[in-house]
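Asker: Show me the folded form of this:
(2 chains)
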Amino acid sequence: GNSVTQMEGPVTLSEEAFLTINCTYTATGYPSLFWYVQYPGEGLQLLLKATKADDKGSNKGFEATYRKETTSFHLEKGSVQVSDSAVYFCALSDPTRAGYQKVTFGTGTKLQVIP
Amino acid sequence: GAVVSQHPSWVICKSGTSVKIECRSLDFQATTMFWYRQFPKQSLMLMATSNEGSKATYEQGVEKDKFLINHASLTLSTLTVTSAHPEDSSFYICSAPVGGRLYLETQYFGPGTRLLVL
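Answerer: I've put the predicted structure just below:
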């Protein structure tokens, strides 16, 4: 079956540090890949996505590239801010059923950025 | 963007009682909503797909008589945990796609409901 593996947290960084959160996946077919972010007390929000190999998703300074050869979708940001403190979920969708796409989530990685 | 709300945000109940959780799309209509469950330090697991006007579709291993889903209108889906037991304690999250069921990238999530069964 499909699965998503992401690095365990929590990850603690100083402000302006470089961020990498690793994510690898296992899937049949050609999944779409996503990063969601959950700020404290809020629902999950889509951060970025990529729908095919070599696509790069980007948003709010975050980037991730769909690497089919390594089955990876690592999240990166060049300079984190305190406001980036949140839980980040890597996810994939697999159109296995007509009418909707089933999402498989990773376990989430908590990021804490300290001033 | 679109907003999905959940009520209550947290609930504590006694073992054997039933608990209803509401999921509302506040500024759009949702013919489909999804219910997820999240255990501490684990990923979100899809429990079921709620379809307006028809029966929900449950994932393998999810007891449909235990977790009753009703999608009576285009803006409201409810999840009722019947005869709750301590092992049902978890974080329940709903989501709704915007723009049609195939457009997963516009799926909006509620803030979640934390259930504690004593």
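Asker: what about the residue most central in space within chain B, helix or strand, and which?
Answerer: Residue closest to the mean C-alpha point of chain B, counted by CA atoms, centre = their mean, is B:Trp35 at 3.4 Å. Secondary structure assignment for B:Trp35, by DSSP states H and E: strand B:32-38.
Asker: packing partners for the next helix or strand after that strand?
Answerer: Following the chain from strand B:32-38 toward its C-terminal end, the next helix or strand by DSSP H and E is strand B:44-51. Contact analysis of strand B:44-51 by 3 or more CB pairs under 8 Å, 6 or more residues apart in numbering or on different chains; DSSP states H and E lists strand A:100-105, strand B:32-38, strand B:57-58, strand B:67-73 as its packing neighbours. Any C-beta I mention is one placed from the backbone N, CA and C, and that applies to glycine too.
Asker: Counting neighbours, what do you get for B:Ile12?
Answerer: B:Ile12 sits with 12 neighbouring residues when counted by other CB atoms under 10 Å in any protein chain shown.
Asker: Verify the contact between it and B:Leu116 for me.
Answerer: Yes - proximity of B:Ile12 to B:Leu116 meets the contact threshold set by CB atoms under 8 Å, at 4.7 Å.
Asker: Buried residues of the longest strand anywhere in chain A, list them for me.
Answerer: Selection of the longest strand in chain A by residue count, based on DSSP state E, yields strand A:86-97. Applying a neighbour-count criterion of 16 or more other CB atoms under 10 Å in any protein chain shown, the buried positions in strand A:86-97 are A:86-94.
Asker: Then stretch B:82-92?
Answerer: For stretch B:82-92, a neighbour-count test (16+ other CB under 10 Å) marks B:84, B:88-92 as buried.
Asker: what's the closest of the residues you listed to chain A?
Answerer: Ranking the buried residues of stretch B:82-92 by separation from chain A, with CB to the nearest CB as the measure, puts B:Phe91 on top at 10.8 Å.
Asker: How about residue 76: which residues does it bridge to?
Answerer: Looking at chain A here, since you left the chain open. The residues paired with A:Glu76 through beta bridges, assigned by DSSP bridges, are A:Thr20, A:Glu63.
Asker: Chain B is the one I meant
Answerer: In this structure, B:Leu76 bridges to B:Arg24, B:Ser73 when assessed by DSSP bridges.
Asker: Roughly how far does it sit from A:Leu19?
Answerer: Between B:Leu76 and A:Leu19 the distance is 38 Å, computed by CB to CB, to the nearest Å.
Asker: Check B:Ser5 too.
Answerer: Distance of B:Ser5 to A:Leu19, computed by CB to CB: 31 Å.
Asker: ok, those two, which is more surrounded?
Answerer: In this comparison of B:Ser5 against A:Leu19, neighbours counted by other CB under 10 Å, the higher total goes to A:Leu19 at 18 against 15.
Asker: wait, isn't the more buried one in contact with A:Leu75?
Answerer: Yes - in this structure, A:Leu19 sits in contact with A:Leu75. The criterion is CB under 8 Å, and the distance is 7.3 Å.
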